[in-house]
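**Q** model this:
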Amino acid sequence: MNIQQLRYVIEIARQGSFNKTAQTLFISQPALSNAIKDLETELGYSIFIRDRKGVRPTDEGKQFLASAKTIIQELENIQQLHVPQSSSQQQILKFSSDRAAFVAKALVEFSQDYLKDKKYALHLYEKDSAQVIIDVVTRKVDIGIIAVLASDNMEWIKDLKKRDLVHEFLFRTKSYAILRKGHPLLEKAELHLEDLYQYPIFRTDYDANLLDDYNLVAGFPFYNQFEQTIYTDSMRFMYNFIGHSDGIFIGTTQLHVEELHPFLTALPLPDIDVDWEYYYIYRKGYRPSPMVAEFLKYLEGVITEQQEVEAAAIAPVAVK
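**A** Numbers count the residues shown, from 1 in each chain. Next up, the predicted model:
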């Protein structure tokens, strides 16, 4: 048994395919199959079931996979914390996030400041919160940022713990309608939820097969009231479309929407009180690298700065 075999097992479980794993790792499929066969012979049991549904761990394989992940994670922790980092060595940040403008704002400041004179590689993914969680569980990324309905937070937290994920609270926010400046809705003296239904609504698309593994996909209960719906997984397309049409997107925060997209604005969602909570998550036992730790500081700094601005805006004026 060796470290490379453990990495093979983890990647096969993630890909669900020997062929895809071989392509990802740039090795031949026979070499990969032989490595797993040798490992299974040494262990005395099969790690994977191979059938028409693909490749998945056996009961013994699931236990072995959990141990393999722990060993590889500890090895990575040792490398991050105890192996001297050369100033010329490339730093890596891998994270997955629910779609949010404040995350992009933090990344801009982080790259322009902390990363300015460093060699680095950023692996960034924008997804729904359920997919973010899966990315963290499968070790595709080191950390994830999720938004959950405040009313359902205990269920989400329970599920995170079941998956051996640690969650850190970031902030709580309201729901907002994201639309273009000059939109007809902005001319209304009093806005109601039913006023939105006559316009196209954008919804983020996702891989339904992937989410079969996750049963807490949050959504707004009134989506079925819209007669025109556009599904997309491209935020760039969506924002450009909204900026040149009367389409609407229901977002979970207004943080930095106008700053990053000057042609858009965010309105508090009328007639409904839906709060969201943002968390960043990581695997139990994971120790953030210096680069990850610094990014989290920038992220929290962006949130704190915005909250101070909002608090000042609603503070009562002192009477002299």
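**Q** pLDDT below threshold where in the stretch 151-300 of the chain?
**A** Within the stretch 151-300 of the chain, the segments meeting pLDDT under 70 span 205-220.
**Q** Do a quick rundown of the helices in it.
**A** 153-162, 235-243, 257-260, 290-314 (DSSP state H, counting those that start in this stretch).
**Q** which one of the ones you listed lies closest to K119?
**A** helix 290-314 (11.0 Å; C-beta to C-beta). The C-beta positions use only the backbone N, C-alpha and C, and glycine is treated the same way.
**Q** contacting residues around the closest one?
**A** 80, 85, 91-93, 95, 102-103, 105-107, 109-110, 113-114, 120, 142-143, 145, 170-171, 255-256, 280, 288 (C-beta atoms under 8 Å, 6 or more residues apart in numbering).
**Q** picking that back up, just send the helices of the stretch 151-300 of the chain back as TSV, with distance to Q225 too.
**A** Putting the helices of the stretch 151-300 of the chain into TSV (distance: least, C-beta to C-beta, whole Å) gives the following:
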stretch	distance to Q225
helix 153-162	25
helix 235-243	19
helix 257-260	23
helix 290-314	30
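**Q** got TSV for these, with mean neighbour count too?
**A** Converted to TSV, the helices of the stretch 151-300 of the chain look like this (neighbours: other C-beta atoms under 10 Å):
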stretch	mean neighbour count
helix 153-162	15
helix 235-243	16
helix 257-260	16
helix 290-314	15
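**Q** can you tell which of those helices is closest to K62?
**A** Closest approach to K62 among the helices of the stretch 151-300 of the chain (C-beta to C-beta): helix 153-162, 14.1 Å.
**Q** Spell out, range by range, the strands that occur in the stretch 51-200 of the chain.
**A** 54-57, 91-98, 120-127, 143-149, 165-173, 176-180 (DSSP state E, counting those that start in this stretch).
**Q** Now distance to E42 too, for those, in CSV please.
**A** Formatted as CSV, the strands of the stretch 51-200 of the chain follow (distance: least, C-beta to C-beta, whole Å):
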stretch, distance to E42
strand 54-57, 17
strand 91-98, 31
strand 120-127, 33
strand 143-149, 34
strand 165-173, 31
strand 176-180, 55
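**Q** tell me the mean pLDDT over stretch 103-112?
**A** For stretch 103-112, mean pLDDT is 89.
**Q** Other residues contacting that stretch?
**A** Contacts of stretch 103-112 with the rest of the structure, by C-beta under 8 Å, 6+ apart, involve 97, 122, 124, 145, 255-256, 259-260, 294-295, 298-299, 301-302.
**Q** What's the local residue count around L115?
**A** 17 (other C-beta atoms under 10 Å).
**Q** any idea of the pLDDT on the closest residue to it other than its chain neighbours?
**A** Distance criterion C-beta to C-beta, 6 or more residues apart in numbering; nearest residue to L115, sequence neighbours excluded, is Q91 at 7.7 Å. For Q91, the pLDDT comes out at 77.
**Q** which residues sit in contact with Q91?
**A** Q85, L115, K118, K119, Y120, A121, S289, P290, M291.
**Q** Many thanks, have a good one.
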